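>>> Generate a structure from the sequence data that follows.
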Amino acid sequence: MRVSAVQKDILFVLYQLELRGFLKPIPATDILTMLNKSRATEVFGTNFRVSCHKLNENGLVHMHRSLQTLRLSFTLTELGREKASMMC
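Okay, here's the model as predicted:
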């Protein structure tokens, strides 16, 4: 699978958060906010969501949905962790 720049950034953010001890699923809105703070150009929400769903389809992230709030959150899979560690 070819990983786009946005997808690389998503994997990087999730990997760095894991290294800092955040093991719970990270809300998608928080990931998007972190990406947009660190980039020169803004990532639009639709492109971000498509990238996250594509990462999930390819087994790099695991998607979580809260039953109470319906918020979408993500964690790295073992494959995603390996890929992210290789990119750092």
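>>> list the contacts for the residue nearest in space to the middle of the chain?
Most central residue of the chain, judged by C-alpha distance to the mean C-alpha position with Cα atoms, centre = their mean, is Ile10 at 3.7 Å. With contacts taken as Cβ atoms under 8 Å, 6 or more residues apart in numbering, Ile10 has the following neighbours: 31, 35, 48, 51-52, 55, 61, 74. Any C-beta I mention is one placed from the backbone N, CA and C, and that applies to glycine too.
>>> In stretch 69-85, which residues are buried?
For stretch 69-85, the buried set under the neighbour-count rule, 16 or more other Cβ atoms under 10 Å, comprises 72-77, 80-81, 83-84.
>>> all strands of this protein, in order?
Residue ranges of the strands in the chain, as given by DSSP state E, are 26-27, 61-65, 72-76.
>>> Buried residues, the longest helix seen in the chain. List them.
Among the elements of type helix in the chain, defined by DSSP state H, the one spanning the most residues is helix 5-19. With burial defined by 16+ other Cβ under 10 Å, the residues of helix 5-19 counted as buried are 6-7, 9-15, 17-18.
>>> if we can go back for a sec, as JSON lines, the buried residues of stretch 69-85 with pLDDT would be great.
JSON lines is the format used below for the buried residues of stretch 69-85 (pLDDT from 0 to 100):
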{"residue": "Leu72", "pLDDT": "96"}
{"residue": "Ser73", "pLDDT": "98"}
{"residue": "Phe74", "pLDDT": "98"}
{"residue": "Thr75", "pLDDT": "98"}
{"residue": "Leu76", "pLDDT": "98"}
{"residue": "Thr77", "pLDDT": "98"}
{"residue": "Gly80", "pLDDT": "97"}
{"residue": "Arg81", "pLDDT": "97"}
{"residue": "Lys83", "pLDDT": "96"}
{"residue": "Ala84", "pLDDT": "96"}
